[in-house]
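# how would this look folded up:
(2 chains)
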Amino acid sequence: MQICRFTLFAVLGIVLVACGNNETTSTAASDELVIRIGAAAPLTGPQAHVGKDNEYGTRMAIDDANAKGLMIGGKKARFELLSEDDQTDPKTATIVAQKLVDAKVNGVIGHMNSGTSIPAASIYFKNGIPQISPSATAVKFTAQGYNTSFRVMTNDAQQGQALGEFATQVLGLKKIAVIDDRTAYGQGLADEFVKAAQASGAQIVAREYTTDKSVDFTAVLTSIKGKQPELLFFGGMDPQGVPMVKQLRALGMKTQFVMGDGGYTPKLIELAGGAEEGTYASLPGVPLDNMPSGRDFSKRYEARFHQPIQLYAPYCYDAVNVMIAAMQKAGSAEPAKYLPEVGKVVLDGVTAKISFDEKGDIKGGAVTIYQVRQGKWSAVQTMGGAPAAH
Amino acid sequence: MDILLQQIINGLVQGSVYALVALGYTMVYGILGLINFAHGEVVMIGAMIALTALQALLAAVVAPVLAVLLSLLVAMAVCMALGYSIERIAYRPLRNAPRLAPLITAIGVSIVLQNLAMMIWGREYHSFPLPFTSTSHQIGGAVVNDVQIGIVVVALLIMVGLMWLVHHTRTGRAMRAVAEHPAAATLMGVDINRVISVTFMLGSALAAIAGFMVSANYGIVHYYMGFMLGLKAFTAAVLGGIGNLRGAMLGGVLLGLIESLGAGYIGDLTGGFLGSHYQDVFAFFVLIAVLVFRPSGLLGEKLAERA
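From the prediction side, this is the model:
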């Protein structure tokens, strides 16, 4: 799910870039530097609302930059957005990526989902176009050896690690059972969780599996019950998390129940009928209210687009600003010239203080742990992350 | 020991639901020789109708017990009408066609029903609003709640009732007659079409009850929920001997137990080499093994001879 969403965003950006391209060329004056920013995310389909939110976040950053009248390499920069729809589909993502490349974008914000960001990354890499994903979390995205891939959100390894440290160090629980749904997301997250928990001296008393279509976990949970864990971690999404936590409580187990971002949904609370009380789940990033200028950003966003922020708009906004900062530093919007600067950017963003490691992952990315308290998700603790200066 | 007991309880609950759904497959097969692959979707429609009815009744502040009973009745009525229509539209025109043709229409009906449900109730998961809390009871270290006890008891009652219906009523005798020799039954004055319609309606009513039970047990309803359940119940029917009522019950309960014990112990028995995600593989492996040694299932095939 997460992967898909991310990918979608990315494609959207690309599509946007491609569309906007043609109109702008003719209007560009000689003393003006036209910079095309591609954006790719799903603009149609079930995740369309989140994809559109990404486009809005990107657009807001571009409008802000244009309003400031930035100078790049002695010329007045004018930014244009080319937004493309990748439909959360890996194949469409590569088509969209090529379209953006053909439209000669200077850089791409996207894609939204991991599943789309990963295949699209190779096309940007071959053409030397810097790509910053606002929301792709799969480890693989930045591990393909492409120096053009960056992301401004914590990856699944960092998330799994934060969850493992939270379980063992903050909750202080050392007898742990783990279930995953055998998807790339669930399995990857669970593996990282196990690594971090074991590093903190936890004992994994049970490692069990299910599928992303199951609803009956009583057999697995009963088997786990016999091993008396203090905490159960599930790497998977809410359609399985809901019956799992219900059956866990129905079996009379008081075990703490922890999920990743797949569990952090309003749907989990709506469906679990009270059994979910006390459940922990994580989300990469910090709560909007805790972002350095989150409230201000959210106000401006709502005034502009007449809807609340869905999910990743602030990350898109920051991604654009990282790109612009690198262009200013290099004094050029030529991808080949400003690409080396992207990795060196240090930026006080809306979401966090952003800087990258050698792979293009955000350094010390934050993960926030939430808990269901009285039928509501409440932020418990933010793990890691470098708060911005202001 | 309490873990083993708990796994057996888990298996019995799951197996009771499989058995109820398997009865629907087996009755139709016994009489028509047709695998009604749309049966799993009828279970899902039953659950969806029960959901909508229950929501409406609770919104109208009907007493909880009455609301549950009424919504179950509404779901059964709708499913009976649905079962009747499916037979009329998709199977009856093809009764003398090659056996493959109604199998294809069955799959077609299944897809239509699934997409219809997706359009009406959406792609998201719905919460099933059971209007009372299901209290848990301790039995020798194992836990069982009211809904689970209800599932096993109701399934048992229905099976006993169905056996009585087939063996001690005129309708039941007509059903057995049609199963044994349709042409001879016609000559004896049995209205075949009526018997077949009644069979489909009975099976669909059971499906509605099963749908209600599954929803009450898991608390969630989804348009895709009938597919895997249908497949498992079909497996249970084949395991016990398709066409045989007792076989469907035995197969259902057995499959539930195999799954539960398989998922619970396979990891420990193989030292982690095979994990609990092999639960389904294990169940289907048992099915293959049974069919290799007893091709007609555990209790044999014929409704008329054995039922």
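
# Now do stretch A:369-377: distance to the chain's middle.
In terms of Cα atoms, centre = their mean, to the nearest Å, the centre of stretch A:369-377 is set 21 Å apart from its chain centre.

# Kindly report the same for stretch B:199-216.
In terms of Cα atoms, centre = their mean, the centre of stretch B:199-216 is set 7 Å apart from its chain centre.

# Okay, buried residues for it please.
B:199-216 (16 or more other Cβ atoms under 10 Å in any protein chain shown). Any C-beta I mention is one placed from the backbone N, CA and C, and that applies to glycine too.

# ok, now which ones touch B:Asp166?
Careful, residue B:166 is Val; it's not Asp. Contact partners of B:Val166, counting by Cβ atoms under 8 Å, 6 or more residues apart in numbering or on different chains, are B:172, B:175-176, B:245, B:307.

# A:Ile309: what secondary structure?
What DSSP: H, G, I helix; E, B strand; the rest coil gives for A:Ile309 is coil.

# Please flag which of the buried residues of stretch B:199-216 sit within helices.
B:199-216 (DSSP state H).

# Could you pull up the mean pLDDT of the helix or strand harbouring B:Gly172?
Here B:Gly172 sits within helix B:170-180, counting by DSSP states H and E. The average pLDDT within helix B:170-180 is 92.

# ok, now which ones touch A:Asp31?
Counting by Cβ under 8 Å, 6+ apart, A:Asp31 touches A:75-76.

# at 10 Å what do you get?
For A:Asp31, the contacting residues are A:74-76, by Cβ atoms under 10 Å, 6 or more residues apart in numbering or on different chains.

# cool, B:Val17 as well?
B:Val17 neighbours (Cβ under 10 Å, 6+ apart): A:216, B:43, B:151-152, B:155, B:209-211, B:213-214, B:217, B:229, B:232-233, B:236, B:252, B:256.

# Could you list the buried residues of the strand or helix carrying it?
Here B:Val17, judged by DSSP H and E, is contained in helix B:2-32. Neighbour-count burial for helix B:2-32, counted by 16+ other Cβ under 10 Å, picks out B:3, B:5-32.

# What are the buried residues along stretch A:176-191?
Applying 16+ other Cβ under 10 Å to stretch A:176-191 flags A:176-183, A:185-186, A:188-191 as buried.

# cool, stretch A:249-256 as well?
So stretch A:249-256, judged by 16+ other Cβ under 10 Å, has buried residues A:249-251, A:253, A:255-256.

# and what of stretch B:274-287?
Result for stretch B:274-287 [16+ other Cβ under 10 Å]: buried residues B:275-280, B:282-283, B:286-287.

# What about chain A: which of those residues touch it?
Contacts with chain A within the buried residues of stretch B:274-287, counted by Cβ under 10 Å from any Cβ of the partner chain: B:275-280.

# picking up where we left off before, what's the mean pLDDT across the helix holding B:Val17?
92.

# Beyond it, next helix or strand please.
helix B:39-59.

# Just give the nearest non-adjacent residue to A:Ile354, would you?
A:Leu347 (4.7 Å; Cβ to Cβ, 6 or more residues apart in numbering or on different chains).

# who in the stretch 201-307 of chain B is up against chain A?
Near chain A, when you scan the stretch 201-307 of chain B using Cβ under 10 Å from any Cβ, you find B:214, B:217-222, B:224-225, B:227-229, B:256, B:259-268, B:272, B:275-280.
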